[in-house]
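**Q** Predicted model follows, preceded by the sequence.
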Amino acid sequence: MLTVEEWKNRLECESCYDLISELFERIERSNLNAYITLCKEEALKRAEDYDRGKLKGKIAGIPVAVKDCISTKGIRTTCGSRMLENYIPPFDAYVVEKLKQEGAIIVGKTNMDEFAMGTTTETSYFGVVKNPYDESRVAGGSSGGSGACLGGNEAVLALGSDTGGSIRCPASFCGVVGLKPTYGLVSRYGLIPYANSLEQIGPMACCVRDVAILLEVIAGKDSRDSTNAGKSFKFEDKYGDYNFKIGIVEEMGGNEDVNCRFEEVVELIKSMGFRVGKVSMPSFKYALAAYYIIATGEASSNLARYDGVRYGFALDNLDSWTRYFSKVRSLGFGEEVKRRIMLGTYALSAGYYGKYYLKALKVRTLVRRDFERAFSEFDLLISPTMPALPFKIGELADPLTMYKMDVNTVPVNMGGIPALSLPVGFVRGLPVGLQIMGNHFEEEKILSFALKLENYITETI
Ligand code: GLN
């Protein structure tokens, strides 16, 4: 897999134009279906600019893939949906502005579950993304294209978005690193929303250091996102000799395959000299149910704008307003999106609001308190990222079974804390990810620990 350092080394001896052309040849030959839209012309133009010394910045000349729910000026942004099949944003998201300022070359827009609703990228209108380790399996979701393009050498860096695990799941399934930042660290300006109170844009890459570099680029102050914390990020690796205290979350686990590798990794962590203990988070047994109430509630409100008049794809035959509206929505949205709009509308309705939505908000408070208590005792918490290995395409046909796969990732979004998925080896040739969680704005700790573990694992495997 490609790293920033390797790419920079290649740039010393080859032209950026040739390297980017070669990358596109690989993408065009690939079966992974990681990209919805390629930006070949613009990318090659930027590569020429780099070769002429006109492109400067922290990631100058580095090919970056951008999830297709992140707005890119003049480049089609579909959100994996027929509803936005032909939508071309007139502005760049904050993170895209930053990528451009730092000299990145945007390769294309990556495939994703429709409106980021899913765990396997099978709900995309543009077809399923295949796992780079086994093409009969899924790449995870919803940022499946961003995970697969890294695992398949089709980009060096990628942006994903994570509402309930959508960066960490594909990172885990594709054997790459993905970080969901603290809520508010990265501006959501220009991110097409699914569930605003839970989601963050975050970096994905083939190694921990590259995730840190990309986070430095995209974290920062932006007044156009009212939830933005106004903080920037600089990775200094200042926990060099720090003796981390690591908590294993008892309520987060996996099947036999995953647990077996997880336990081996815990032993590795102990042998590195870190203190390891167990921690119980009683609220987590309600977290998944509460997440699906909050996320679908926010989604039902966010997706109301796609009526074929104000937003979304339009039909020629203007019928009565209600018939037109429902026709556009019937044709424009897929099954999963419709299911969630209905679930969310029901949970927010006058008669059931108290019974479901308010209850879910109370659970969210309990989850936050459990994290506060745990972080008063431990520096970081760990668990398997996903409870299972990458699924066969079509294996998770029942929606409830799919929702249950988010059990380890959603508490993080409920708590607004940062978490990273680190590849920690393979079971039967398929990658396993370790989830490392930290307190609010402690990305530095997570990255320092992940870097140490990554080095240790590379040396011991
Ligand atoms: N799988 C979760 C869901 O479908 C998370 C998706 C995401 O993080 N965007 O809601």
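**A** Everything's here; your move.
**Q** Isn't residue 437 up against residue 418?
**A** Yes: using CB atoms under 8 Å as the test, residue 437 is close enough to residue 418 to be in contact (7.3 Å). Where you see a C-beta, it was placed from the backbone N, CA and C, and this is true even at glycine.
**Q** Overlap in contacts, these two.
**A** Both residue 437 and residue 418 are contacted by 412, 446, under the criterion CB atoms under 8 Å, 6 or more residues apart in numbering.
**Q** which residues touch whatever helix or strand residue 459 lives in?
**A** Following DSSP states H and E, one finds residue 459 within helix 443-460. Applying CB under 8 Å, 6+ apart, the contact partners of helix 443-460 are 177, 179, 181-182, 185, 207-209, 211-212, 215, 233, 235-240, 242, 244, 246, 265, 268-269, 272, 379-380, 418-420, 422, 424-425, 434, 436-439.
**Q** Select from those every entry located in strands.
**A** 177, 179, 246, 380, 419-420, 422, 424-425, 434, 436-438 (DSSP state E).
**Q** Considering those, which is situated nearest to residue 145?
**A** For the ones in strands among the contacts of helix 443-460, the residue nearest residue 145 by CB to CB is residue 177; the value is 16.3 Å.
**Q** ok, now how distant is that closest one from residue 426?
**A** Note on residue 177: its distance to residue 426, by CB to CB, to the nearest Å, is 15 Å.
**Q** The two: who's more crowded?
**A** More crowded of residue 177 and residue 426, by other CB atoms under 10 Å: residue 177, with 27 against 14.
**Q** wait, what's in contact with that one?
**A** Going by CB under 8 Å, 6+ apart, residue 177 touches 171, 204-208, 210-211, 420-423, 450, 454.
**Q** hmm, 7 Å instead?
**A** Residues in contact with residue 177 (CB atoms under 7 Å, 6 or more residues apart in numbering) are 171, 204-208, 211, 420-423.
**Q** State whether residue 137 is indeed within a strand.
**A** Yes: membership of residue 137 in a strand is supported by DSSP: H, G, I helix; E, B strand; the rest coil.
**Q** center of the chain - which residue?
**A** With distances taken as CA atoms, centre = their mean, residue 167 lies nearest the centre of the chain, 2.0 Å away.
**Q** For the stretch 351-461 of the chain, which residues are neighbours of the ligand?
**A** Proximity of the stretch 351-461 of the chain to the ligand, by CB under 6 Å from any ligand atom, involves residues residue 406.
**Q** which residues touch the closest residue to the ligand within the stretch 351-461 of the chain?
**A** Relative to the ligand, the nearest point of the stretch 351-461 of the chain is residue 406 (4.7 Å; CB to the nearest ligand atom). Residues near residue 406 by CB under 7 Å, 6+ apart: 119, 164-165, 288.
**Q** likewise residue 163?
**A** 116, 194-195, 198-199, 295, 413.
**Q** Quickly name whichever of those residues is closest to residue 261.
**A** Nearest to residue 261 among the contacts of residue 163, with distances taken as CB to CB, is residue 413, at 24.4 Å.
**Q** picking that back up, now a ChimeraX select for only the buried ones of the contacts of helix 443-460.
**A** Command for ChimeraX that selects the buried part of the contacts of helix 443-460, burial taken from 16 or more other CB atoms under 10 Å:
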select :177,179,181,182,185,207,208,209,211,212,215,233,235,239,244,246,265,268,269,272,379,380,418,419,420,422,424,425,434,436,437,438,439
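**Q** what separates the helix holding residue 459 from the chain centre, distance-wise?
**A** Centroid separation between helix 443-460 and its chain, computed with CA atoms, centre = their mean, to the nearest Å, is 20 Å.
**Q** Can you list the buried residues in that helix?
**A** The neighbour-count criterion (16+ other CB under 10 Å) identifies 443-454, 457 as the buried residues of helix 443-460.
**Q** got it, and stretch 393-408?
**A** Judged by neighbour count (16+ other CB under 10 Å), stretch 393-408 contains these buried residues: 393, 395-396, 402-403, 405-408.
**Q** still on that earlier bit, out of the contacts of residue 406, who's the most crowded?
**A** Counting neighbours by other CB under 10 Å, residue 165 leads the contacts of residue 406 with 32 neighbours.
**Q** separation between the closest residue to it other than its chain neighbours and residue 281?
**A** Spatial nearest neighbour of residue 165, chain neighbours left out: residue 409 (2.8 Å); criterion: CB to CB, 6 or more residues apart in numbering. Residue 409 sits 14 Å away from residue 281, going by CB to CB.
**Q** Who has more neighbours out of those two?
**A** Taking other CB under 10 Å, residue 409 and residue 281 do not tie; residue 409 has more neighbours (31 against 23).
**Q** Perfect, that will be all.
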